[in-house]
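Visitor: Sequence and predicted structure, then a few things I'm wondering about:
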Amino acid sequence: MLTAPIRRTVTASLALLLVLAAGARADSHAAEGDGPNVRAAAIQVAALIVDIDRETRELTLQTPHGDYVTVTASEEIQRLDDFEVGDAIVATYMTSLAGEVREPTEEERANPWQELDAAAIADLDMPPGVAGMRVVKAVCTIEGMNRVAGTAMIEDPRGKYHLIGDIPRERFEGRQLGDTVVMIYSEAMALTLEKAAP
């Protein structure tokens, strides 16, 4: 969990989402056959580990630009115990966005975090790489946006940060920092974790 001063810094900074424009590389695509509302991105980023939850396999990463993103280590990463808070790493992770970005209903505000099962996402045409990843419908706060890079950083109801990439420009229309929106997305899944060279 991030401390209050760090959260204020994250929220206040307008440059939080420059990861893709400087210091990170994104290879993104729409899955074959999917509609315009489903986007997936594989992102490679240099970062410091600032928190590890070994039970859930979640790592919170901070990039050189001060951005935060929480990723879940995939089962293919078998040596998670080799990583510690403070380690400089290079991580490659995948995430995706589906459905509308819109104002939440009262019912959604009352139940802001829903893990969706296979039946619930069957009609979303999620990209093939998302299979096996946890897909959630959550009431989130927009903490940063980069319309040029097509990225948004959101804070979920648990206080975790997610960097969503390859968002069409029109999705940003009428949105601003601090907005509360409903999003359906796959949690960031770390495909590789490597310690950075000294």
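Guide: Thanks, I have it.
Visitor: Who are the contact partners of the spatially most central residue of the chain?
Guide: The residue lying closest to the centre of the chain (Cα atoms, centre = their mean) is H162, at 2.7 Å. Applying Cβ atoms under 8 Å, 6 or more residues apart in numbering to H162 gives the contacts 69-70, 95, 140, 153-156, 185, 187-188. (Glycine included, C-beta is placed from N, CA and C.)
Visitor: The helix or strand encompassing Y93 - what's its average pLDDT?
Guide: Remark: Y93 resides in strand 88-102, with elements defined by DSSP states H and E. For strand 88-102, the mean pLDDT works out to 82.
Visitor: Check stretch 63-72 too.
Guide: Average pLDDT, stretch 63-72: 85.
Visitor: could I get that stretch in PDB with only the CA atoms?
Guide: The C-alpha trace of stretch 63-72 is given here as PDB (Å, rounded to 0.1, in the frame of the first residue of the first chain):
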ATOM      1  CA  THR A  63       9.300   3.700 -13.100                       C
ATOM      2  CA  PRO A  64      12.100   6.200 -13.400                       C
ATOM      3  CA  HIS A  65       9.500   8.800 -14.100                       C
ATOM      4  CA  GLY A  66       7.600   8.200 -10.800                       C
ATOM      5  CA  ASP A  67       4.800   6.200 -12.300                       C
ATOM      6  CA  TYR A  68       3.300   3.200 -10.300                       C
ATOM      7  CA  VAL A  69       1.800   0.000 -11.700                       C
ATOM      8  CA  THR A  70       0.800  -3.200  -9.900                       C
ATOM      9  CA  VAL A  71       1.400  -6.400 -11.800                       C
ATOM     10  CA  THR A  72       0.700 -10.000 -10.900                       C
END
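Visitor: Counting neighbours, which bits of it end up buried?
Guide: Within stretch 63-72, the residues that count as buried by 16 or more other Cβ atoms under 10 Å are 63, 65, 67-72.
Visitor: Which pair of the residues you listed spans the longest distance?
Guide: H65 and T72 (22.1 Å; Cβ to Cβ).
Visitor: before we move on, the earlier item: so what does whatever helix or strand comes next after the strand holding Y93 touch, helix or strand wise?
Guide: As assigned by DSSP H and E, the chain's next helix or strand after strand 88-102 is helix 106-110. Packing partners of helix 106-110 (3 or more Cβ pairs under 8 Å, 6 or more residues apart in numbering; DSSP states H and E): strand 135-146.
Visitor: Select from the buried residues of stretch 63-72 every entry located in helices.
Guide: Among those, no member falls in helices (DSSP state H).
Visitor: As JSON lines, those residues with distance to P112 would be great.
Guide: As requested, the buried residues of stretch 63-72 are arranged in JSON lines below (distance: Cβ to Cβ, whole Å):
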{"residue": "T63", "distance to P112": "26"}
{"residue": "H65", "distance to P112": "28"}
{"residue": "D67", "distance to P112": "23"}
{"residue": "Y68", "distance to P112": "20"}
{"residue": "V69", "distance to P112": "20"}
{"residue": "T70", "distance to P112": "16"}
{"residue": "V71", "distance to P112": "21"}
{"residue": "T72", "distance to P112": "19"}
